[in-house]
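Chemist: Any chance you can model this:
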Amino acid sequence: MALEENKNRKMQFGNPYADYEYYGKHSKRTWPSMVVGLLFGIGLCYFAWYRWHEINMAEVMGGTVSLTSIEWILYKVGGKWILSGILFLCGVGFAYLGVHNYRRLEKMKVEG
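Modeler: From the prediction side, this is the model:
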């Protein structure tokens, strides 16, 4: 009977009595998630602009641009705007998630 109860329990890692968000020497710092999210988001927005500019210059000058298969499919579907737009939206999303996670951790820090 005891063996059956253990089979139905969910597996738990780490200290079961500690809040897993704050279980470590450096885990109470809230700013690294925001910085990483913002840097990655800004980097992706810059990459979106760079790809748009590179594709635009190739279209104007009549040159060629090397695209990955996913970029090529997006370019064939919607042109340079869809390709750059999706990259830009992903960048904005990462920046938002970094700030959102920072606020969530700060709220947990104040409540806890």
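
Chemist: How much space separates Val92 from Gly85?
Modeler: 10 Å (CB to CB, to the nearest Å). Heads up, the C-betas are built off the backbone N, CA and C, glycines and all.

Chemist: Check Ile42 too.
Modeler: Plainly put, Ile42 is 17 Å away from Gly85 if you go by CB to CB.

Chemist: Apart from its chain neighbours, what residue comes closest to Val65?
Modeler: Ala58 (4.4 Å; CB to CB, 6 or more residues apart in numbering).

Chemist: which secondary structure element contains the one you found?
Modeler: helix 31-61 (DSSP states H and E).

Chemist: Number of residues surrounding the residue nearest to Gly63 when sequence neighbours are not counted?
Modeler: Distances taken as CB to CB, 6+ apart put Met57 closest to Gly63, at 7.2 Å, once the chain neighbours are dropped. Counted with other CB atoms under 10 Å, the neighbours of Met57 add up to 11.
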